[in-house]
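Novice: Sequence isn't available, so here's the structure alone:
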């Protein structure tokens, strides 16, 4: 099916925009979810899926014969790109960044997890699941479309297995094993922090390490691998801590070196400051405070300043708030720690989280020397 | 000596600003280069060096007895921070980022190189050189204060050995040896790209690799280490290519795999496009085009688009223009390569290049998949 783009439409496509809103489409008799070739009347400019808001572009060429074929091309291309990284667990499709606006696909070795934020994609979810299985060789494919943005656009949450019946698996990340379960937060594991966890290893050897807001233990497990003297994990979610304990066993880490504290990390900071407890190296990776709270910025300053009070040498400070840009993040770090700090490195999400122009790197992680 | 800060001064110090301009100083009878404690009349707030523009803050505590003692504290603290990285070649002092605004110190194992952009620092250069030698154990200390910014503030260029008589050395960077000579550009080696060179290794194994604007061969040498099939170095500076050839010999790399092209990289791009030549992986790291040319942005787009025409899989695109922010950089990448590109990773300078708020990461390096 062919739809005419008018007004700014052709220019937006030329600039590589991946969502063309309805106002730039001339009539659109097709149903939501239809595969449509966008044309300026003379030339075919792109191929995409018709959604309520407009067209989600998936390629800048005319559409092939079927939606299935179109999806397969995009997914195969993404697989080719991600294969360069040789990860066992990776983000295969990162929305626009991988030419599939509205879709996230994470692959945990033999278990793939899809997340859709679009009605058009919802309609094709089984087709997509089958292609993902084919291309990646995953044994099972699950859906985890329960993120809050769906409610905002009037879509109900959807979760469950689409193919196969594997609900959990174990993946290896540079020598650390992680249990992944579709019952956890996000699609199972915070893949975006992967390279930052590995990077933090170089500072962790021999240290007394703190993993605050630990979830299933990403930073602390890598610290143990690197030879930390003692690692304290702090989280208030009993489910996450249960998985963390499984991870400790999976890796045969010496549990004598480990303290698992089930507590709100904020309370843990306050208590540690009061008692004069301290750590040499630590990660502080709170939830998306600025997306979730009106006073989110102030909360970040408080979290980082808590870190500065109990971490002596090197702090790994993260923010995953989409609404906090990099500059604001650095300002919060500065406000929390000035004058005594130096940012050694400022990093973003791992390379499997492809981006394009305008797609801000929502994850910001600073490696801060506090000595 | 004590100087009173007035007006906005105390607030600026509280915010951690490292240069307090003259307008916020009440009288300043001291000569340029004097060590002064800044006070708001009640409390001592900071210690710094009086310069023509104002005071360069080096600590937020009252001054110790002598300038020598003050410098020693700052330099020892920086050495402690940088020692965490265990680099043989590293930036010891990165201006404000290491609490010494106006001073750069690079250490290449046994040879340290200072760069001053301030009259106050010029006056203490021998004292600083001696402390650097003491703290780092360097055998020789050279000065390379010939950067353009000096001319702008009315300072003459200064170059030469301050201590010892070593003018060159060989350093090891994650298994690749580099000859460093104070006769080269900058202070001898582009240390800022260190981690990016190492990061690029993961994509280079088995590839036909291009190192455009290669200088003494940073990216290409790491590609050879990673097992590239063939590496082409392009630069027009005969001195840099001579050092590159020495580096090839130092590392015992198979010269049968190497092509060294002495040519302007722009001409090389044009010629390669014309002849349909291509590479699988490549680095394009031009000089600071946007700082140096009015049409710098357009030149970047041209360079990256040249890269996109002759590199097939993965391009490492850099910009070291201070006046180009990260967003503008990504826009240039997009304009050069859209629609077919995905940014896998966007990185900055290596962690020895400490930063603080407001100190933009001048180096931007995108790892872009083009397949």
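Specialist: Done, it's in. Keep in mind it's a predicted model, so treat the numbers as computed, not measured.

Novice: which ones are touching the spatially closest residue to residue A:100 that is not a sequence neighbour?
Specialist: Spatial nearest neighbour of residue A:100, excluding adjacent residues (Cβ to Cβ, 6 or more residues apart in numbering or on different chains): residue A:93 at 4.9 Å. C-beta: built from backbone N, CA, C; applies to glycine. Going by Cβ atoms under 8 Å, 6 or more residues apart in numbering or on different chains, residue A:93 touches A:74-75, A:78, A:100, A:103-105.

Novice: now swap in residue A:119 and tell me
Specialist: A:32-33, A:51-52, A:153, A:155.

Novice: The same query, at a cut-off of 10 Å, please.
Specialist: A:32-33, A:49, A:51-53, A:102, A:150, A:153-155 (Cβ atoms under 10 Å, 6 or more residues apart in numbering or on different chains).

Novice: Neighbour-wise, give me the winner out of these.
Specialist: Highest neighbour count within the contacts of residue A:119: residue A:49, with 29 neighbours (other Cβ atoms under 10 Å in any protein chain shown).

Novice: you'd agree it is up against residue A:100?
Specialist: Yes - Residue A:49 lies in contact with residue A:100 (Cβ atoms under 10 Å); the separation is 9.2 Å.

Novice: what touches both of these two?
Specialist: In contact with both residue A:49 and residue A:100: A:56-58, A:71, A:118, A:121, using Cβ under 10 Å, 6+ apart.

Novice: The lengthiest helix in chain A and chain B in contact?
Specialist: Counting residues, the longest helix in chain A under DSSP state H turns out to be helix A:67-83. Yes - counting by Cβ under 10 Å from any Cβ of the partner chain, chain B has neighbours in helix A:67-83: A:77-78, A:80-83.

Novice: give me the number of residues near residue A:247?
Specialist: Count around residue A:247 with other Cβ under 10 Å applied: 22.

Novice: same thing with residue A:254?
Specialist: By other Cβ under 10 Å, neighbour count at residue A:254 equals 9.

Novice: same deal with residue A:22?
Specialist: 12.

Novice: Spatially nearest residue to it, not counting backbone neighbours?
Specialist: Nearest residue to residue A:22 in three dimensions, chain neighbours excluded: residue A:54, at 4.7 Å (Cβ to Cβ, 6+ apart).

Novice: Same check on residue A:253?
Specialist: residue A:224 (4.6 Å).

Novice: wait, is that neighbour part of a helix?
Specialist: Yes - assigned with DSSP: H, G, I helix; E, B strand; the rest coil, residue A:224 falls within a helix.

Novice: what's near enough to touch it?
Specialist: Counting by Cβ under 10 Å, 6+ apart, residue A:224 has contacts A:176, A:201, A:204, A:209, A:211, A:217, A:230-231, A:247-248, A:251, A:253-255, A:257-258.

Novice: Check residue A:82 too.
Specialist: A:90-94, A:98, A:105, A:107, A:136, A:351-352, A:354, B:342, B:344, B:369.

Novice: From those residues, list just the buried residues.
Specialist: A:90-94, A:98, A:105, A:107, A:136, A:351-352, A:354, B:342, B:344, B:369 (16 or more other Cβ atoms under 10 Å in any protein chain shown).

Novice: From the shared contacts of residue A:49 and residue A:100, pick the one nearest chain B.
Specialist: Proximity of the shared contacts of residue A:49 and residue A:100 to chain B (Cβ to the nearest Cβ) peaks at residue A:57, which lies at 8.6 Å.

Novice: Determine if any part of stretch A:310-325 is in contact with chain B.
Specialist: Yes - contact of stretch A:310-325 with chain B (Cβ under 10 Å from any Cβ) involves A:313-314, A:325.

Novice: Nearest spatial neighbour of whichever residue of the stretch 1-150 of chain A sits closest to chain B, chain-adjacent residues omitted?
Specialist: Nearest residue of the stretch 1-150 of chain A to chain B: residue A:16, at 3.4 Å (Cβ to the nearest Cβ). In space, and not counting its chain neighbours, residue A:16 is closest to residue B:338: 3.4 Å by Cβ to Cβ, 6+ apart.
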